[in-house]
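Student: Return a 3D structure for these sequence lines:
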Amino acid sequence: MPSFPDVPAMPHSHIDVRYVANLARLELSDDEVATFQPQLEAILHYAEALSKLDVTGIEPTAHPAAVFGRMRDDIPHKSLPAEAVLQNAPDQAQGQIRVPKVVTDA
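Tutor: As a prediction, this is how the structure comes out:
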């Protein structure tokens with residue numbers, strides 16, 4: 001059925017919000033924990049339901065929808081020559097893009 005053999009099954013569907021918040025270096029109030037705990041459990045139940053879907057024959061994708069218009073049609077998509085990048089640079093020198101200095105004095 002599911003084609004995710006390398007993904008281990010979750011041992012249980014309950015994860016402590018305080019534990020997750022601690023990992024993320026977040027401080028949560030008791031009210032926030034009470035709000036987020038059911039939300040986290042709902043997310044875990046949804047992920048469990050998704051893991052049971054039969055995805056045989058469906059190719060993995062990086063995006064849920066096709067991505068269009070990322071590159072110009074006259075430039076090969078496999079490699080981007082440096083001159084193609086430099087032709088749109090507002091300032092360039094010695095084959096490099098020049099940018100304004102952004103470091104301030106401390």
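
Student: So, low pLDDT: which residues of the chain?
Tutor: 1-14, 67-82, 106 (pLDDT under 70).

Student: Next secondary structure after the lengthiest helix in it?
Tutor: In the chain, with assignment by DSSP state H, the single longest helix is helix 30-51. Next in sequence after helix 30-51, counting helices and strands by DSSP states H and E, comes helix 82-86.

Student: So which other helices or strands are in contact with the longest helix of the chain?
Tutor: helix 17-23 (3 or more CB pairs under 8 Å, 6 or more residues apart in numbering; DSSP states H and E). No exception for glycine: its C-beta is placed from N, CA and C like everyone else's.

Student: Identify the residues contacting the helix it packs on?
Tutor: Helix 17-23 is contacted by residues Glu27, Leu28, Val33, Phe36, Gln37, Leu40 when judged by CB atoms under 8 Å, 6 or more residues apart in numbering.

Student: Show me which positions of stretch 31-48 end up buried.
Tutor: Phe36, Gln37, Leu40 (16 or more other CB atoms under 10 Å).

Student: residues touching the last one, list them.
Tutor: Leu40 makes contacts with Ile15, Val17, Val20, as judged by CB under 8 Å, 6+ apart.

Student: If we only consider these, which is nearest to Leu44?
Tutor: Ranked by distance to Leu44 (CB to CB), those are led by Ile15 at 6.6 Å.

Student: Hmm, the closest one is touching Leu44, no?
Tutor: Yes: with contact defined as CB atoms under 8 Å, Ile15 reaches Leu44; the gap is 6.6 Å.

Student: tell me the phi and psi of Gln92?
Tutor: phi -150, psi 150 (degrees, to the nearest 10).
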